[in-house]
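Give me a 3D structure for the following:
(3 chains)
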Amino acid sequence: MRRLRLLDFSLASVTAFVYLSLYLPILLVFVLSFFSMRRGRVNWETFSLGWYAKLFKNEALGDALLNSLLVGIAAVLVAMVFATLAAINANSRPSSRSAQFLEYVIFLPFLLPPIITGLSLLIYFREAGIPRGLPTIIVGHAVFVLAIIYRILLTRLNALSRSLVDAAHDLGASNLQTFRYIILPNLRMPLLTSGILAFALSFDETMITLFLTGTDATLPVRLYAMIRVGFTPEINALIALILGFSIILTVALAYAWGRNSGSGGNLIAKTSK
Amino acid sequence: MTAYARMVRPGLADCLLWGAAALFILIPLASFLIFGFFSVVSNSIDYRPTLANFDELLSNSSYRTTFFRTMRMAFLVSATNLVLGYATAYFIWQRPPAWRNLMVIALAIPLLMSYIIKIYAMRGVLGTNGLLNSATMALGIIDEPVSALLFNLTAVRITLSVVLLPFMVLPIYVALERIPASVLHAASDLGASEIQIFARVVLPLSLPGGIVGAMFTFVLASGDFLAPELVGGIEGFTYGRLIFSQFGLAFNWPLGAALSIVLMIVALGVIYAARRFGNPRWQR
Amino acid sequence: MANPETGSPAAADVGLPLLRIRGLGARFGTVEAIKPLDLDVNDGEFLTILGPSGSGKTTLLRTIAGFQPPSAGRIEFDGKDIADLPINRRPFNTVFQDYALFPHMTVRENVGFGLRVRGTAKAQLNDRVDAALGIVGLEEFDARYPSQLSGGQQQRTALARAMICEPRLILLDEPLAALDAALRRQMQNFLKTLQRQSGITFLFVTHDQSEAITMSDRICVMRSGSIEQIGTPRELYYRPKSRFVAAFFGASNIVEPCRIHETRDDATIVETPVGQFRISGPPPDSSSGLALAIRPEALGPEDETRVNTLELEVVAVSFVGSETITELRHRRTSQVFTMKTRSDPAARPPDIGSILNIGFDPAECALVTEAAN
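Take a look at the predicted model:
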């Protein structure tokens, strides 16, 4: 089809442009973490690891990193417990109105602009007399990542034959045994996958966090403060490190997903439907 | 009712789940909705209900201007990304399977990268000494660096477009991937040309993905305050920033809540529309 | 021949049935899936519940198993009411239509599950799993996962898993539906042999009448939530009580209306629009919508056993291998008949439009009513 070649070419150009626009800025930051720039050009003779050395002496950033890890792990664990219960509830009662409405509620904080989730929790905590701090951030993140974990778990449960639970009961298993031996083993991979994904989301979450932060900042909030004040080149080093971490997370996720079900393309399908 | 349904005690499950949902999702949302009807008197919140915030919102033209400017910007970001995203998703879909997976993962990596960092990186591209200026100068397209690229609404638009692109490409790609090959073969077998197959089969079957992507993009772009804050400067003042500022220096939480109520209504409207049109009858 | 009342060879010398169902009903919302019914399942028998989809057969099985709560009635097992017993305390096991094998467990773990949840000691558990795998011929496959098994092997795993706790009754919900025709026949024989050798009572659900005939000691035919007829395969095949059962077992030639002309000791004479016929046996109790059902293979050229005769015109002849199917028409009433005869390589098929003298045996037809009850 020769007349389609022009079309193919333009599609390829757009695609190249899209990937370039996604990667070029990040690549630039990465380069600038090793080299300095003069008059709009990278000076390739100035390679140094100085910014990295300086970075590791910055205790405030170290604390922020620890806070981020703590918040991420705690939020994911809290959300996992709730999401597991909610997913089993929805899967076992597919025609239940209550479970359907609960699903809408679970999806609200994920679908609404983060600014709304953030400020509604801010107002709520203030009126309840709860001071801002890491616990309030954990709640905010748990509420935000809940929908992702719930959706992935429910997709897995819906794919399981409904008669598995009947079979377990039929063979004499109690409710607890059925959960331990039948449901939980089948949720292991989806829990892992959704856990990594949720952790990555929590690790990056900034807009909700900005509303809920007390004196202990998470890493993105710290970064936000630093960037607003002005450019410090050590940010570039920090950013390069965070990018490396993100890539590791993504690859881990893609690997877990590949083992779990098909290609990485399902990543969004399972969360956006 | 099956045995499985009886495994979960409905009463207990409802109590537990709805209790937690009320405590951490519904009551916070409700309290924010109610807060929009309070006011601030001499730096403390007056809990007597009033419509003053909404009155202010309607009468103060600067709020209106900011609102419509932001919605227009969010719409443009969605429209731009729908075109770019569809072309990219279609191109990926046409590749051999090994390429496809690689390209999809390459799209997912930036999605999981720190949002703040991506915005910061865009500053390096758009700034006076930035990559775009250096490159176009080196190519001889311009003589002087263009400062108009950063710290205005256009910069916000470009930044949001880039940052939100994966949210558009991935759902469209997933929709394309779900089209069975046999359907395309059948269309071809019945005599449809490549263009007819695209217009009559591929496009209608993949557009729901585009609608979902456009919804994500619009909702996220309209409420964003980080990108405007970091690359928008004074000119790039958006509705999200307006809300955020009420919780900072301005300290007018009730007004901030009232402004957010408007944003939430818009967001819910868009989500509802996406559910209706992004979930056509044949898919339900 | 079997006891004409219950049709079960064992019924005469066993006092109580193993499973006694009285007035059992089930409903989904306002829909009555099973109208209150009675059913006895005798110890050691192979009883099949047969019916088209929507007849309530699977609901009946699921209610007995406990997956569905009954809306009314009693279920007694070995003399004890078990209607309120939770599923995991019921003394029998189920083989599911989709097998419901646990995908994350090996064949060994699947089969041993029932013992594991009862806290059976490991050594004893392994011995019993080995024995069960031996019975179903899967010793070699114990380390495989269900996804690595063929349909037949999955089926055997499901059977072994249901047998491991040595239940006296196994419920089977269309277990052969997913298999292809050849494998299905093989599994039918396997199941039947297994049932005979183990002495376990089988309550089997299917929609396939030939499967039911091959395997069962007794068949219970269901239709829209009620039991239409219970009896041995022979009884249902040769003595259907209702049009529905007659049609389900292939007695497709229905002549109506029928009027009873004369009742003798061993036979009934009926008057029909196509002639007067003699039918073996007494007439049915009810006479609402009385009709005469004749199997296609009962029709044939008039001779000394086929004493009921009619003159029929040949409409169409089709050769289907071992059999030849002839469409016939009664000229005056336009009533159509289907005749199935063994194909004869020497004979020339009859000409279309020719008139044949057709007869049928009084023992190979049945008087049926609108409904069995």
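
drop to CA atoms for contacts and neighbour counts, all remaining ones
Fine.

Just want the most central residue of chain C.
C:Ala212 (3.5 Å; CA atoms, centre = their mean).

how many other residues sit next to the closest residue to it other than its chain neighbours?
Distance criterion CA to CA, 6 or more residues apart in numbering or on different chains; nearest residue to C:Ala212, sequence neighbours excluded, is C:Thr48 at 6.2 Å. The burial count assigned to C:Thr48 is 30, neighbours taken as other CA atoms under 10 Å in any protein chain shown.

and the host helix or strand of C:Thr48, average pLDDT?
Counting by DSSP states H and E, the element that carries C:Thr48 is strand C:46-50. The pLDDT scores in strand C:46-50 average 97.

Run through who's touching it.
Residues from elsewhere that reach strand C:46-50 (CA atoms under 8 Å, 6 or more residues apart in numbering or on different chains): C:41, C:57, C:195, C:201-209, C:212, C:215-222.

7 Å instead?
Applying CA atoms under 7 Å, 6 or more residues apart in numbering or on different chains, the external contacts of strand C:46-50 come out as C:57, C:201-207, C:209, C:212, C:216-222.

and these, which of them are in strands?
Among these, the residues falling in strands (DSSP state E) are C:Thr201, C:Phe202, C:Leu203, C:Phe204, C:Val205, C:Thr206, C:Arg218, C:Ile219, C:Cys220, C:Val221, C:Met222.

which of those residues lies closest to chain B?
C:Val205 (18.5 Å; CA to the nearest CA).

wait, the closest one sits on C:Leu172?
Yes. With contact defined as CA atoms under 7 Å, C:Val205 and C:Leu172 form a contacting pair (6.1 Å).

Need the phi and psi values for B:Ala22.
Main-chain dihedrals, B:Ala22, degrees, to the nearest 10: phi -70, psi -40.

Tell me how far it lies from B:Leu16.
10 Å (CA to CA, to the nearest Å).

Next up, the contacts around C:Ala363.
Applying CA under 7 Å, 6+ apart, the residues near C:Ala363 are C:Ile279, C:Ser280.

again but with C:Asp217, I slipped
C:Glu45, C:Phe46, C:Leu47, C:Thr232.

So which bits of the host helix or strand of A:Gly244 are buried?
Using DSSP H and E, A:Gly244 falls within helix A:234-260. Using 16 or more other CA atoms under 10 Å in any protein chain shown as the test for burial, helix A:234-260 gives A:234-240, A:242-243, A:246-247, A:249-251, A:253-254, A:256-257.

Chain A: strands as residue ranges?
A:36-38, A:41-43.

what do you get for the stretch 1-150 of chain B?
With DSSP state E, counting those that start in this stretch as the criterion, the stretch 1-150 of chain B has strands at B:39-41, B:44-46.

do you know which of those lies nearest chain A?
Comparing these by CA to the nearest CA, strand B:44-46 comes nearest, at 10.8 Å.

Check whether the closest one comes into contact with chain A.
No. Strand B:44-46 does not reach chain A (CA under 7 Å from any CA of the partner chain); its nearest approach is 10.8 Å.

quick check: mean pLDDT across that strand?
Mean predicted confidence for strand B:44-46 is 85.

just stretch C:160-179 next, same as before
92.

buried stuff in stretch C:263-283?
C:267-272, C:274, C:276-281, C:283.

okay, these in JSON lines with secondary structure and pLDDT next?
Formatted as JSON lines, the buried residues of stretch C:263-283 follow (DSSP: H, G, I helix; E, B strand; the rest coil; pLDDT from 0 to 100):
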{"residue": "C:Ala267", "secondary structure": "strand", "pLDDT": "87"}
{"residue": "C:Thr268", "secondary structure": "strand", "pLDDT": "90"}
{"residue": "C:Ile269", "secondary structure": "strand", "pLDDT": "90"}
{"residue": "C:Val270", "secondary structure": "strand", "pLDDT": "90"}
{"residue": "C:Glu271", "secondary structure": "strand", "pLDDT": "89"}
{"residue": "C:Thr272", "secondary structure": "strand", "pLDDT": "91"}
{"residue": "C:Val274", "secondary structure": "coil", "pLDDT": "91"}
{"residue": "C:Gln276", "secondary structure": "strand", "pLDDT": "90"}
{"residue": "C:Phe277", "secondary structure": "strand", "pLDDT": "92"}
{"residue": "C:Arg278", "secondary structure": "strand", "pLDDT": "90"}
{"residue": "C:Ile279", "secondary structure": "strand", "pLDDT": "90"}
{"residue": "C:Ser280", "secondary structure": "strand", "pLDDT": "88"}
{"residue": "C:Gly281", "secondary structure": "coil", "pLDDT": "83"}
{"residue": "C:Pro283", "secondary structure": "coil", "pLDDT": "82"}
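
Between all of those residues, which two are separated the most?
C:Val274 and C:Gly281 (20.8 Å; CA to CA).
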